[in-house]
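Asker: Structure, please.
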Amino acid sequence: MPYFAYRGGAVNATQARVVTAGRSAEEALEPLFGWLRALADDGSPMGVAAGMRATGDGWVSVAELVAPPYDRLGVLIAEAERTWGAPPHVAAALWWKSFSYWTALPVAMGWALNRRVPVLTAGTTMLAVPAAEAGMLIGTSELRAATGDVGAVIADTLVHDVHAPLIDALHALTRVGRRGLWGSVAEALVYPLLSFDVLDDPGGAARTLLESVGEPVAGLVELPALRRRTCCLWVTLPGSEACPTCCVTGQATGKRSAGARA
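Answerer: Okay, the predicted model is just below:
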């Protein structure tokens, strides 16, 4: 079966009709980039680089982070331990909640705006930790866009090529539970659709997106009122209130808590 090949992953050519790079990718993703610019101009913390371009120094790829013995990832988790005063597995879960949100945000919103999504793979997805309010910055070393059955694209690239190896690495480093981390991915994919006023039926769209991506994120959140079926572990920190989407409290409010994008 033919494939569109990526550095670090592949997408079934019968599912993704068009994969573009360079200027064509920029044009396909301009609605997304315009929306991200407006969000940043509104003063919201932004963890996605302008135009998703990883320019300048200080970037590390996901492929480097997941290379055993995970030294570079370990440094990031150790810093999260100091920031939150948390044990390693909780620090890993909180770091992951932020990383999964900022990597999922442009993909989910590209899907919502015009079914054009950035193609993120382990080799091209880059992370920087600048002195910024968002705490981290996500970009890509090779801008590509996909159309067609983008649910399959998201599954094959963002979920299985970027998120899955990082979840395995975090589990190896700290023994944090994989299912809870996948719950954060599911929340990250649907949270933007429910939080920003761009869709007529955000709950239905969120359900459609998760179903099109499939396992391991399908079934990990309740919709249309977003509520997780796993815990992100924020509530385990001393003095912390549960997140609005927490599975161990009452009904979710849908509003962001202080720890929601920690």
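
Asker: Strands of the chain, start to end?
Answerer: 3-6, 9-12, 16-21, 48-53, 60-61, 117-118, 125-128, 137-140, 144-148, 221-222, 227-228 (DSSP state E).

Asker: closest one to Val235 among those strands?
Answerer: Taking Cβ to Cβ, strand 227-228 is the member of these nearest to Val235, at 11.0 Å. For every residue, glycine as well, the C-beta is placed using N, CA and C.

Asker: what about Thr157, how many neighbours?
Answerer: Residues lying near Thr157 (other Cβ atoms under 10 Å) number 29.

Asker: follow-up on the earlier one: quick one, which of the strands of the chain is packed in tightest?
Answerer: strand 117-118 (a mean of 28; mean count of other Cβ atoms under 10 Å).

Asker: same for it, what does it pack against?
Answerer: helix 22-41, helix 88-114, strand 144-148, helix 150-154 (3 or more Cβ pairs under 8 Å, 6 or more residues apart in numbering; DSSP states H and E).

Asker: For Pro118, give its distance to Arg227.
Answerer: Distance, Pro118 to Arg227, by Cβ to Cβ, to the nearest Å: 28 Å.

Asker: my bad, should have said Ala205
Answerer: Ala205 is 17 Å from Arg227, by Cβ to Cβ.

Asker: do the same with Val90
Answerer: 21 Å.

Asker: try Leu120
Answerer: 27 Å.

Asker: Please work out which residues outside stretch 68-88 touch it.
Answerer: Residues outside stretch 68-88 that contact it (Cβ atoms under 8 Å, 6 or more residues apart in numbering): 60, 64-66, 90-92, 94-95, 129, 166, 169-170, 172-174, 176, 236-238, 262.

Asker: next one: stretch 190-205
Answerer: 35, 39, 101, 104-105, 108-109, 112-113, 206, 209-210, 221, 223-226, 245, 254, 256.

Asker: Of the residues you listed, just the buried ones, ChimeraX syntax please.
Answerer: Only the buried members of these enter the following ChimeraX selection, criterion being 16 or more other Cβ atoms under 10 Å:
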select :35,39,101,104,105,108,109,112,113,206,209,210,221,223,226,245
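
Asker: count of residues packed around the closest residue to Ser100 other than its chain neighbours?
Answerer: Spatial nearest neighbour of Ser100, excluding adjacent residues (Cβ to Cβ, 6 or more residues apart in numbering): Ala188 at 4.4 Å. Using other Cβ under 10 Å, the number of residues around Ala188 comes to 25.

Asker: from what I can see Ala188 touches Tyr101, true?
Answerer: Yes: between Ala188 and Tyr101 there is a contact under Cβ atoms under 8 Å: 4.4 Å.

Asker: quick one: buried residues of stretch 33-46?
Answerer: Phe33, Trp35, Leu36, Leu39, Met46.

Asker: what pLDDT does the fourth one get?
Answerer: Put plainly, it is Leu39. pLDDT recorded at Leu39 is 93.

Asker: Would you agree it is in contact with Met46?
Answerer: Yes: counting by Cβ under 8 Å, Leu39 touches Met46, with 6.7 Å between them.

Asker: Could I get the pLDDT score of Trp102?
Answerer: At Trp102, pLDDT is 97.

Asker: what's around it, how many residues?
Answerer: Counted with other Cβ under 10 Å, Trp102 comes out at 23.

Asker: for the residue lying closest to it once chain neighbours are set aside, what are its contacts?
Answerer: In this structure, Trp102 finds its nearest non-sequential neighbour in Gly47, 3.6 Å apart by Cβ to Cβ, 6+ apart. Taking Cβ under 8 Å, 6+ apart, we find Gly47 in contact with Ser98, Tyr101, Trp102, Leu105, Ala132, Ala134, Gly135, Met136, Leu137, Ile138, Arg261.

Asker: And stretch 86-97, how far out from the chain middle?
Answerer: Between the centre of stretch 86-97 and the centre of its chain there are 16 Å (Cα atoms, centre = their mean, to the nearest Å).

Asker: ok, now how distant is Gly85 from Trp96?
Answerer: Between Gly85 and Trp96 the distance, using Cβ to Cβ, works out to 17 Å.

Asker: Please identify which of those two sits among more neighbours.
Answerer: Higher neighbour count among Gly85 and Trp96: Trp96, with 26 against 10, using other Cβ under 10 Å.
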